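Engineer: okay, sequence plus prediction incoming.
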Amino acid sequence: LACSSPEAVLKEVDGEMMEPVEELVIECANEHSGTVIEKLAKRKADMMDFDQSETRSKMVFKIPFRSLLGYRAEFTQDTRGDGVIHS
């Protein structure tokens, strides 16, 4: 048996290509929030909400599914294993 690489399912609606969009919730230390925001902006994510306490930040993004592929490992490195990601 063989598996192919994951890929987003695109669908054509009224002549326009549509792709799935996910809500991504991230919690991390304040010192890592800038890096996370920068990396997700490069992946075409739109920030919907941002809450910051004394030591932690919570961010909510809308992001295309295909942009999430491969991000978890990068996120773990950027937050030094301290961040939590929910999608």
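Structural biologist: Yep, that arrived. Numbering: from 1, shown residues only.
Engineer: the strands in this protein, which residues?
Structural biologist: Assigned by DSSP state E, the chain shows strands spanning 11-13, 16-18, 21-29, 46-52, 56-64, 84-86.
Engineer: do you know which of those strands lies nearest Thr35?
Structural biologist: Closest approach to Thr35 among those (C-beta to C-beta): strand 21-29, 8.9 Å. C-beta coordinates here come from the backbone N, C-alpha and C atoms, glycine included.
Engineer: buried set for stretch 26-35?
Structural biologist: Ile26, Glu27, Cys28, His32, Ser33, Thr35 (16 or more other C-beta atoms under 10 Å).
Engineer: could you measure from the residue lying closest to Glu7 once chain neighbours are set aside over to Glu74?
Structural biologist: Using C-beta to C-beta, 6 or more residues apart in numbering and skipping residues adjacent in sequence, the residue nearest Glu7 is Arg66, 7.0 Å away. Going from Arg66 to Glu74 by C-beta to C-beta, to the nearest Å gives 15 Å.
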